[in-house]
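Participant: attaching a predicted model along with its sequence, questions to come.
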Amino acid sequence: MIIIYLKAILIAVVEGLTEFIPVSSTGHMILIGNFIKFTGEKAATFEIFIQAGAILAVVIIYRNTFSGLIPTKMTPRHFFKSLFMGKSYPTGLHILLSITPIMIAGFLLYSIIKTHLFSPITVSFGLIIGGILMIVVEYLPIKQTITRLEDISYRQSFLIGLGQCLAIWPGMSRSGSTMITGLLLGIKHKPIADFSFIIAVPVMFAAVIFDVFKSLELLEIGDLGYFGIGFFVAFFVAWASIKWFLNILTKVRLIPFGIYRTILGCISLWIYLG
């Protein structure tokens, strides 16, 4: 029994470290899960569930943004006012435009993704392709003129949402996909990182609820212990990871992460194809 707890803690640390930096948490958990023999449908559900801990970290860090989206009164007028004219940025409409594409794509392609894409080989290719894209976009002669979160437009929000759909492929990274798209749209690193973290909350929350609900029959009372520990470990590690990433992002940009991803993907391919 202690082995399952140790494996769960390791996976939760990996989730917290990698969920919000552009290296693909899903890809890392699949690779490490295969390496330590933490696989199967229940393990996959655990990996989805502990994302709720990472979500909580974002909600706390960006609590002012999320509290500003809550209507002062539960009436249609106040609801739409908070959605379109909220004091927080991004507004509810920015978030809605940015999450709709991946919500639709994820729902329609759920079975295909779970059946065919969750393997070390597909993850390795996702890591390499995403890493190369990060390096390339940093060297493109694109002038980033959007310096504040408040300056991201509705159109840009929707285009970022389309770019986020690349994350359906495990290994591509949700934050990596949104940040690549944001940089191509002329948004500087800090505001697109903030935007990426904020729009992750509804997407990840929906994914957690959807996946856990579909997997309830697999779970037992005995699973509550390591599921709960995984949740809290992922929360604390994600909180520290976000703070660290925001502090170094403007200094190092995406290039080191792109190099790391590319090397890791190549090593993984060599291991699993060699």
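Facilitator: Structure's in. What do you need?

Participant: report pLDDT for G86.
Facilitator: Reported pLDDT at G86 in the predicted model: 59.

Participant: buried residues, the strand or helix carrying Q156. List them.
Facilitator: Counting by DSSP states H and E, the element that carries Q156 is helix 154-164. Buried residues in helix 154-164, counting neighbours by 16 or more other Cβ atoms under 10 Å, are found at 156-164. No exception for glycine: its C-beta is placed from N, CA and C like everyone else's.

Participant: with stretch 60-68 instead?
Facilitator: The neighbour-count criterion (16+ other Cβ under 10 Å) identifies 61-62, 65-66 as the buried residues of stretch 60-68.

Participant: check stretch 261-274 too.
Facilitator: Within stretch 261-274, the residues that qualify as buried are 261-262, 264-265, 268-269, counting by 16+ other Cβ under 10 Å.

Participant: okay, now the unreliable bits of this protein?
Facilitator: 71-88 (pLDDT under 70).

Participant: please enumerate the helices of it.
Facilitator: Under the criterion DSSP state H, the chain contains helices at 2-18, 25-35, 41-49, 51-61, 63-67, 76-85, 92-112, 120-139, 154-164, 174-184, 189-214, 224-252, 255-273.

Participant: quick one: the second one to helix 41-49, angle?
Facilitator: Direction vectors for helix 25-35 and helix 41-49, defined by axes from the mean of the first three to the mean of the last three Cα atoms, to 10 degrees, enclose an angle of 150 degrees.

Participant: export only the CA atoms of helix 25-35, formatted as PDB.
Facilitator: Once non-C-alpha atoms are left out, helix 25-35 reads as follows in PDB (Å, rounded to 0.1, in the frame of the first residue of the first chain):
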ATOM      1  CA  SER A  25       2.200  18.100 -17.400                       C
ATOM      2  CA  THR A  26       0.200  15.300 -19.100                       C
ATOM      3  CA  GLY A  27       3.200  14.400 -21.200                       C
ATOM      4  CA  HIS A  28       5.400  14.200 -18.100                       C
ATOM      5  CA  MET A  29       2.900  12.200 -16.100                       C
ATOM      6  CA  ILE A  30       2.500   9.700 -19.000                       C
ATOM      7  CA  LEU A  31       6.200   9.200 -19.400                       C
ATOM      8  CA  ILE A  32       6.900   8.900 -15.600                       C
ATOM      9  CA  GLY A  33       3.800   6.900 -15.000                       C
ATOM     10  CA  ASN A  34       5.000   4.300 -17.600                       C
ATOM     11  CA  PHE A  35       8.500   4.300 -16.000                       C
END
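
Participant: and the angle from it to helix 51-61?
Facilitator: Here helix 25-35 runs at 150 degrees with respect to helix 51-61, directions being taken by the same axes, to 10 degrees.

Participant: output the contacting helices and strands for helix 25-35.
Facilitator: Judged by 3 or more Cβ pairs under 8 Å, 6 or more residues apart in numbering; DSSP states H and E, helix 25-35 is in contact with helix 2-18, helix 41-49, helix 120-139.
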